Structure formats: C-alpha cells, structure tokens
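> have a look at this prediction, sequence included:
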Amino acid sequence: MRIEQVNAKALERVDYDRYLLAQAVAKRVNELLNGAKPLIDLPKKNMQLTEIATLEIAEGLIKVKES
C-alpha cells in the first residue's frame, strides 16, 4: 500500500482530524523509540518510525481517542 493510501486510511480512523493524528503518531513513535515492538509485520526494511506508527493506526491496531 502506498504511503498516500495509508495516510488517507489513518485520517479516516480519526475522523479526518489531522491534529489528533499527528499527536497519536508522535506518541506511538515515542513508544517505539523507547523499545516497544511494532504491532505489524514490516512490509519493507528500513521503515521510518512515523511510517510504522501511521500504518498501525491505519490498520486499526492502535485506537485513537481525543484526550
């Protein structure tokens, strides 16, 4: 899946709230930096952490809610 499609799907999961998506991606990237394992099988080597986090959200593996 292309990154544009992943981004569109992730935006749909957060009711098209770009700010909420950015917060969720940043939080997940921080978790990954601190040793959390990706929740997906990585489709390609050397994926950036932001791509991993966005893909996890797009696939519905991470639930995003407003705080």
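Nice, thanks for sending it over. Numbers count the residues shown, from 1 in each chain.
> how near is K63 to L39?
12 Å (CB to CB, to the nearest Å). Any C-beta I mention is one placed from the backbone N, CA and C, and that applies to glycine too.
> scratch that, K27
Taken as CB to CB, the span from K27 to L39 is 14 Å.
> would you mark the buried spots in the host helix or strand of Q23?
Assigned by DSSP states H and E, Q23 belongs to helix 18-33. Of all the residues in helix 18-33, those buried under the rule 16 or more other CB atoms under 10 Å are L20, L21, A24, V25, R28, V29, L32.
> same question for it, mean pLDDT?
Helix 18-33 shows an average pLDDT of 96 in the prediction.
> dead centre of the chain: give me the residue that sits there.
Centroid check for the chain by CA atoms, centre = their mean gives T54 as the closest residue, at 2.1 Å.
> by contact count, what packs against the helix or strand hosting that one?
Taking DSSP H and E as the definition, one finds T54 inside helix 49-58. Judged by 3 or more CB pairs under 8 Å, 6 or more residues apart in numbering; DSSP states H and E, the packing partners of helix 49-58 are helix 3-13, helix 18-33.
> could you dump stretch 40-56 to PDB, C-alpha only?
Output of stretch 40-56 as PDB, limited to C-alpha atoms (Å, rounded to 0.1, in the frame of the first residue of the first chain):
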ATOM      1  CA  ILE A  40       2.600  -5.100  12.300                       C
ATOM      2  CA  ASP A  41       4.800  -7.200  10.200                       C
ATOM      3  CA  LEU A  42       7.000  -4.600   8.400                       C
ATOM      4  CA  PRO A  43       6.300  -4.700   4.700                       C
ATOM      5  CA  LYS A  44       9.800  -3.400   3.900                       C
ATOM      6  CA  LYS A  45      13.100  -2.900   5.500                       C
ATOM      7  CA  ASN A  46      14.200   0.400   7.000                       C
ATOM      8  CA  MET A  47      10.800   1.800   7.500                       C
ATOM      9  CA  GLN A  48      10.700   5.100   9.400                       C
ATOM     10  CA  LEU A  49       9.100   5.100  12.800                       C
ATOM     11  CA  THR A  50       6.500   7.600  11.600                       C
ATOM     12  CA  GLU A  51       5.500   5.200   8.700                       C
ATOM     13  CA  ILE A  52       5.200   2.300  11.200                       C
ATOM     14  CA  ALA A  53       3.000   4.300  13.600                       C
ATOM     15  CA  THR A  54       0.800   5.600  10.800                       C
ATOM     16  CA  LEU A  55       0.400   2.100   9.300                       C
ATOM     17  CA  GLU A  56      -0.600   0.700  12.800                       C
END
